[in-house]
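Trainee: Here's my sequence, what's the structure:
(chains A, B and C)
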Amino acid sequence: MSTSLLSGLNPPQLQAVTLPHQSALILAGAGSGKTRVLTTRIAYLISTGEVSPQGILAVTFTNKAAKEMVMRLSAMLPINTRGMWIGTFHGLCNRLLRAHYREANLPQTFQILDSADQLSAVKRVMKALNVDDEKFPPREMQHFISASKEQGLRAHEVEAYDPYTRRKVEVYAEYDAQCQKEGVVDFSELLLRCHELLVRNTALREHYQQRFKHILVDEFQDTNPLQYQWLKLLAGKNNSLFAVGDDDQSIYAFRGAHVGNMQDLLRDFNVASVIKLEQNYRSHGNILDAANALISNNRNRMGKKLWTSEQGGEKLRVYEAPTDVEEADFIVNEIAHLKSEGMSLSEIALLYRSNAQSRVLEHALVSKGLSYRVYGGLRFFERQEIKHALAYLRLMENTDDDNALLRVVNFPTRGIGARSIEQLQEAARINNTTLFDAAARAGGKVAGFVGLIESLKSSTQNLPLPEIIDHVLVHSGLIAHYQNETGAKKREAEERLENLKELLTAATLFVHENEDDSLTSFLTHASLEAGEHQAGDQEDALHLMTVHAAKGLEFNAVFITGLEEGLFPHQNSQRVDGGLDEERRLMYVAITRARRRLYMSFAQRRMLNGQVNYGVPSSFLHELPDDMLQWLSPRAMQRNPFEAFGYATPAPSRSPFAPAGEGLGEKGVGWRVGQRVMHQKFGEGVVTNTEGGGKDGRVQVNFKHAGSKWLALEYAKLETL
DNA sequence: CGCACGTGGTTTTTT
DNA sequence: ACCACGTGCG
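Mentor: Predicted structure coming up:
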């Protein structure tokens, strides 16, 4: 093999890459070359003849990461990466289920429900079962089902000791039955079904166990219990599981990720030693030291301390603004300055804890004329018009897909109203068929719809994919529908038409890039890679995104905004066990995105949910060593940080948020927002909000140690400070 | 059928 | 403040 493959690796990286055939856990810190290690290991295994490309199974969480891996691998080795099993958990499970659809008891053209599809499917089940959606909010129901599946539990396996849970289990069971009848699977079902297939089918399991000698997993800290079970099953007794992850960057517990999988892996696979990648190639020393200091406040870490040869660097800049608007102004000015110094906008990121915070920032950016791009939000394949188009295509593939039928049976409107649909559903229920079957037996306009689908099917047979879609767009009436929009909706309709055109482009591209260019394959692509298709990122633009979305990225300059107690760390995290630790990891992720310059800012007052909120600076700021910080605003943290943050002086009576002459936050409760108070049990704090008056009055107090709490004035004994 | 108005919710999210 | 969703009316 070529020695160049391994050159430039540091000792632990080299050790990881060249490990013998054994299971391993690689604890890879931020910016420590994790992806490089992963891809180089694959290249190493193949080029030494240890394993053939077919014997590799490499799993990631996102399509982006999978693509990156494939790209780097093809650059390293002169092999055809097509056909290699490198992909997301969902993508790989899909592949397996498609290959063995009969054994998995699925139709060949089974469709994949995204979250929105799943929600409407849940709602339909609940309606059919007469479930009170006040007592059982559909969203919660959906979460219950997904969460159960991610634990590897079918409805009958869920422990239900109370009537409430039993009812949910009932819905879960019926939901699964409905999906089975309609030939659709949701995201977690892909994994669970695949797992069950391998558990039950010994021959199949052994076949894949024989095949995948080396299994490699990226971002292992984000795996949920079902994903871990799946990996364990495929690894069997003889294969090696090479897991790369960072417990300090585990920020997805809220959606079922189980960091404990890292410890479990050590035990289940008898991992002899954990290899730590601690040399960071991304950030300057100060940034790294600050991150280390912050994360050292977490308990139960596997233990890891990043270091860099790039010692020192700039201090971390901290800015306190009176209001969120002024915070945004400061940031925008700072960015304009950086730009004038030659930094390109795309090298700068603006991070926030929650999406709502982007509004103020965007406003400031627009007025300053700086181009930016907000990441996250509505994805291409999730747009209404695209979903409509896909629904027609799905129905053509699989007429049992009731979700798809309901979406387009009367869109564009063809006179099939709520009444006709109810009749259809009733007929389907009585005869135990799907809606399309019921529709096929109906007359009138419904029959017309059935005819439309049949004619779309027959007239597009053997056409290439883009032509199929083009035909459907025209003959479904979608194009005409949007073309006929006038008045207020005209602009919106034009954009939708653009997107439909873009769908054709996406299909053309898909045909070029994929060997399997069937409609089923394209529909799967649309479900599993909803976000991949994004237009317009050529321009040099700032990156605006949540901290979550920033994981895995890096920038020369990073702004972490809204560093206020209750926002970041977020209020709701207090209710969750280990919530604060996860918030701290989130902050750790945020800090470690920066290469050279890091700004952290907060505001004294902020408009939140239509209300003025008075915040105190994030406790995370206190956890950063003073000597690494450079304060850009007058108010500095000195001997007693809390002292510096309290609002000993009354808040000004005029603020951007308060009409002139009115006392701030004065609602008759007798406490003023900004007032420092003492509570017998919770100690020192600052009033951040008030509500009601007299006996019913409540105040929100942000306590120094106990966090933020709402207190009923009737009971709370508060004293002024 | 489509619009107008009212109501509730509001952390993070990939697949 | 804002948005998404649901209901009721023309």
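
Trainee: ok, residue A:386 - contacts?
Mentor: A:380, A:499-500, A:503, A:526 (CB atoms under 8 Å, 6 or more residues apart in numbering). (C-beta placed from N, C-alpha, C; glycine too.)

Trainee: Which secondary structure element of chain A has the lowest mean pLDDT?
Mentor: helix A:641-645 (a mean of 44; mean pLDDT, DSSP states H and E).

Trainee: C-terminal to it, what's the next element?
Mentor: strand A:676-679 (DSSP states H and E).

Trainee: Quick check: residues of the stretch 51-200 of chain A near DNA strand B?
Mentor: Within the stretch 51-200 of chain A, the positions near DNA strand B by CB under 7 Å from any atom of the strand are A:61-64, A:88, A:90-91, A:114-115, A:187-188.

Trainee: For those residues, give me CSV that also has neighbour count.
Mentor: Formatted as CSV, those follow (neighbours: other CB atoms under 10 Å):
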residue, neighbour count
A:61, 21
A:62, 16
A:63, 18
A:64, 14
A:88, 20
A:90, 22
A:91, 20
A:114, 18
A:115, 13
A:187, 22
A:188, 22
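
Trainee: Of those, which pair is most distant in space?
Mentor: Greatest spacing in those, by CB to CB: A:64 and A:188 (20.7 Å).

Trainee: can I get the contacts of residue A:386 in CSV with distance to residue A:140 and pLDDT?
Mentor: Shown next, in CSV, are the contacts of residue A:386 (distance: CB to CB, whole Å; pLDDT from 0 to 100):
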residue, distance to residue A:140, pLDDT
A:380, 28, 89
A:499, 32, 90
A:500, 34, 92
A:503, 33, 93
A:526, 27, 92
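
Trainee: Run through those and flag the ones next to DNA strand C.
Mentor: Okay, of the contacts of residue A:386, nothing touches DNA strand C (CB under 7 Å from any atom of the strand).

Trainee: Now rank these by neighbours and give me the top one.
Mentor: Neighbour counts for the contacts of residue A:386 peak at residue A:526, which has 27 neighbours (criterion: other CB atoms under 10 Å).

Trainee: from what I can see residue A:250 touches residue A:259, true?
Mentor: Yes. With contacts counted by CB atoms under 8 Å, residue A:250 reaches residue A:259, the gap being 4.4 Å.

Trainee: For those two, list the residues in contact with both.
Mentor: residue A:221.

Trainee: Alongside DNA strand B, which residues does the stretch 601-721 of chain A contribute?
Mentor: So the stretch 601-721 of chain A meets DNA strand B at A:609-610 (CB under 7 Å from any atom of the strand).

Trainee: Name the residues that touch the longest helix that chain A contains?
Mentor: Taking DSSP state H as the criterion, chain A has its longest helix at helix A:490-513. Helix A:490-513 is contacted by residues A:380, A:383-386, A:389, A:464-466, A:469-470, A:473, A:478-479, A:482-483, A:485, A:517, A:522, A:525, A:533, A:535 when judged by CB under 8 Å, 6+ apart.

Trainee: Sort out which of those residues are buried, if you could.
Mentor: Among these, those classed as buried by neighbour count (16 or more other CB atoms under 10 Å) are A:380, A:383, A:385-386, A:389, A:465-466, A:469-470, A:473, A:478-479, A:482, A:517, A:522, A:525, A:533.

Trainee: can you give me the strands in the stretch 451-600 of chain A?
Mentor: A:542-546, A:555-560, A:594-608 (DSSP state E, counting those that start in this stretch).

Trainee: So what are the sheet partners of the last one and their directions?
Mentor: So that's strand A:594-608. strand A:316-323 (parallel), strand A:555-560 (parallel), strand A:611-614 (antiparallel) (DSSP bridges).

Trainee: Is any residue of the first one near DNA strand C?
Mentor: No. No part of strand A:316-323 sits near DNA strand C under the criterion CB under 7 Å from any atom of the strand; the closest distance found is 13.2 Å.

Trainee: Give the rounded mean pLDDT of that strand.
Mentor: The pLDDT scores in strand A:316-323 average 94.

Trainee: can you list contacts of it?
Mentor: So strand A:316-323 is in contact with A:286-287, A:290, A:327, A:329-330, A:597-606, A:617, A:621, A:624, A:628-633, A:635, A:655-657, going by CB under 8 Å, 6+ apart.

Trainee: Now do the buried residues in it.
Mentor: A:316-321, A:323.

Trainee: Tell me the confidence at the residue in the stretch 401-550 of chain A that DNA strand C sits nearest to?
Mentor: Closest contact between the stretch 401-550 of chain A and DNA strand C, by CB to the nearest atom of the strand, is at residue A:418 (9.7 Å). For residue A:418, the pLDDT comes out at 83.

Trainee: Could you do residue A:710 as well?
Mentor: For residue A:710, pLDDT reads 67.

Trainee: Residue A:132 now?
Mentor: pLDDT, residue A:132: 86.

Trainee: tell me the SS of it?
Mentor: Of the three states, residue A:132 takes coil under DSSP: H, G, I helix; E, B strand; the rest coil.

Trainee: thinking again about what came up before, present the residues of the stretch 51-200 of chain A next to DNA strand B as CSV; the columns should include pLDDT.
Mentor: Shown next, in CSV, are those (pLDDT from 0 to 100):
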residue, pLDDT
A:61, 95
A:62, 93
A:63, 93
A:64, 92
A:88, 97
A:90, 97
A:91, 96
A:114, 91
A:115, 90
A:187, 95
A:188, 96
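
Trainee: Nearest spatial neighbour of the residue of the stretch 151-300 of chain A found nearest DNA strand B, chain-adjacent residues omitted?
Mentor: Using CB to the nearest atom of the strand, the closest approach of the stretch 151-300 of chain A to DNA strand B is made by residue A:187 at 3.5 Å. Excluding the flanking residues, the one nearest residue A:187 by CB to CB, 6 or more residues apart in numbering is residue A:90, at 6.0 Å.
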